Structures are given as structure tokens and as C-alpha cells.
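Provided below for reference: sequence and predicted model.
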Amino acid sequence: MPSHRNPPWARDELILALDLYFRVNPLHTSEAHPEIQELSALLNALPIHADRPDQEVFRNPNGVYMKLCNYLRFDPSYSGSGLTRGGMAEGAIWDEFAGDKKRLRATADAIRALQRSISPAEVATEVPDLDEEASEGRILTALHRRRERSPVLARKKKAQVLKQLGALKCEVCGFDFADRYGDLGLGFAECHHRAPLATLAVQSRTKLSDLAIVCANCHRMIHRSRPMATVEELRLRLQ
Ligand SMILES: [Zn+2]
Ligand SMILES: [Zn+2]
């Protein structure tokens, strides 16, 4: 039987809700608050959930208001009791972002600014597995991937590095596909965009120096880490 429940909140949505929580205390307002209404409309427009069994209640103002209330139990400045709802997902977002409001704001702003630049289909293909989703959520992860996979830039970057260093070695582990696989690996490497995901909205054009040459394994490990490790941080973690 198909489920009639709407999908669980994605990280992107929880980030936007936490950002609003710090501006609008749910204890002093209701679902009628204009910013709650606005977030409800935004969540309905995000290119994340194609599956909405109950469009009527999907992220409606009441649902958004309740989500803000879910954050209360993680807030040390709230001393009330009785709010036992609020799950693991909210706790994880609270732990990652509540201590760094600047990053929270930058991430929420980037999601708002860029949500129209990517389609639901593209988000689904670029981030097929939640294991690959950065802490900043699906939309920014998908945009990051699209940008770092630009064939034109990748070609230019690889040509530049080959010319300068004579080989395409992974900047994390030193792996060289041509060394290992012979002719088959000639010219092969992946490019990773170094800019933090929250800066995607303000960072204009990608420069070749923004890209790092990485092997497929190290690239996946960078994307799997939360917060996303830099090339240098992952190098330090190599066993
Ligand atoms: Zn590597
Ligand atoms: Zn990458």
C-alpha cells in the first residue's frame, strides 16, 4: 500500500526552519506569523520532494510552526517541559548549526538564493544517495556537483596541471590513474571544487585554482565527511 504520509523533512528544510527559529520564537507567536507563512510557501517551492501524498498539509504553516516548536527541546535557554517531540534529525541540525549562527545564516541564504537554479530531476540525479549529501543539504550539494563536473573547466584544469607537473596526481593521496592503469587511466582524474557550499551564492565564476585534482576514492570521502573536509584535512586523516 502506498504511504499517505508526507516525506520526512530534508536537511535543507530543517536548516531553513532553524534559521527562522532564531528570529521567530515559537513561544511568542503562531502559525499566522508572516515569516512562518513565507517559509511554508518556500518549502512548497523547493526542488526536493516530488512525492507529496497529502498536498493539503505538505509543509503548511501549521507544520512549519510545529517544526519550530520541535527545536525548543534542544535549546538550553528554554526551560519548559512537556515538549518531548522532535526527532534525531532536528537534534543533528541543532548540533551542527546552532553554535555557528553565521554559517547557519549563510547556508540558509544560499539555499533561498539558489533553489530556483536547479530542477527536482537534477537534484535527484546529482545526489542519489543521502550518504553523499553534504551537511548543507541536497540543493547546495547538487549545485556543487554540477559546478565541479563542468566538462570545460575540468578539461582546462587537467591540461594546466599536466603541463605544470607532468602528471595528474590526486592532491590528497597521490594516486595517479595513468600510473596504475596504464593507457586506460591516461588523462583521468576528478575535480573537486574547494569553495565551502554556503558560499555558492556569492562566489561568481569558478577559477581553475578553485579546483583540486582528486582520485575517485578521495573525492567520495571528501563528500562523505561532515562538515565537508578540505583536501588538506583529508590528507591528514589518511591512515
Ligand atoms: Zn586520492
Ligand atoms: Zn566535490
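Happy to help now that I have it. Ligands and ions are numbered 1, 2, ... in the order given.

Pairing partners for the residue of the chain found nearest ligand 2 in the sheet, please.
Residue nearest to ligand 2 within the chain: residue 192 (3.7 Å; CB to the ion). In short, each C-beta sits where N, CA and C put it, glycine included. Taking DSSP bridges as the rule, residue 192 bridges to residue 212.

All the helices of the protein, residue numbers only.
11-21, 34-45, 61-72, 88-97, 101-114, 120-126, 138-148, 151-165, 177-181, 216-224, 231-237 (DSSP state H).

who does the third one touch, helix- and strand-wise?
With contacts taken as 3 or more CB pairs under 8 Å, 6 or more residues apart in numbering; DSSP states H and E, helix 61-72 sits against helix 11-21, helix 34-45, helix 88-97.

Now tabulate those in TSV and tack on distance to ligand 1 and mean neighbour count.
Formatted as TSV, the helices and strands packed on helix 61-72 follow (distance: least, CB to the ion, whole Å; neighbours: other CB atoms under 10 Å):
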stretch	distance to ligand 1	mean neighbour count
helix 11-21	26	24
helix 34-45	38	16
helix 88-97	26	16
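
what's the least confident stretch among those?
Comparing mean pLDDT across the helices and strands packed on helix 61-72, the weakest is helix 88-97, with a mean of 92.

Next, the angle from it to helix 61-72.
60 degrees (axes from the mean of the first three to the mean of the last three CA atoms, to 10 degrees).

quick one on the thing from earlier: reformat the helices of the chain as JSON lines; add distance to residue 55.
Output for the helices of the chain, formatted as JSON lines (distance: least, CB to CB, whole Å):
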{"stretch": "helix 11-21", "distance to residue 55": "16"}
{"stretch": "helix 34-45", "distance to residue 55": "9"}
{"stretch": "helix 61-72", "distance to residue 55": "12"}
{"stretch": "helix 88-97", "distance to residue 55": "22"}
{"stretch": "helix 101-114", "distance to residue 55": "22"}
{"stretch": "helix 120-126", "distance to residue 55": "15"}
{"stretch": "helix 138-148", "distance to residue 55": "20"}
{"stretch": "helix 151-165", "distance to residue 55": "38"}
{"stretch": "helix 177-181", "distance to residue 55": "48"}
{"stretch": "helix 216-224", "distance to residue 55": "32"}
{"stretch": "helix 231-237", "distance to residue 55": "42"}
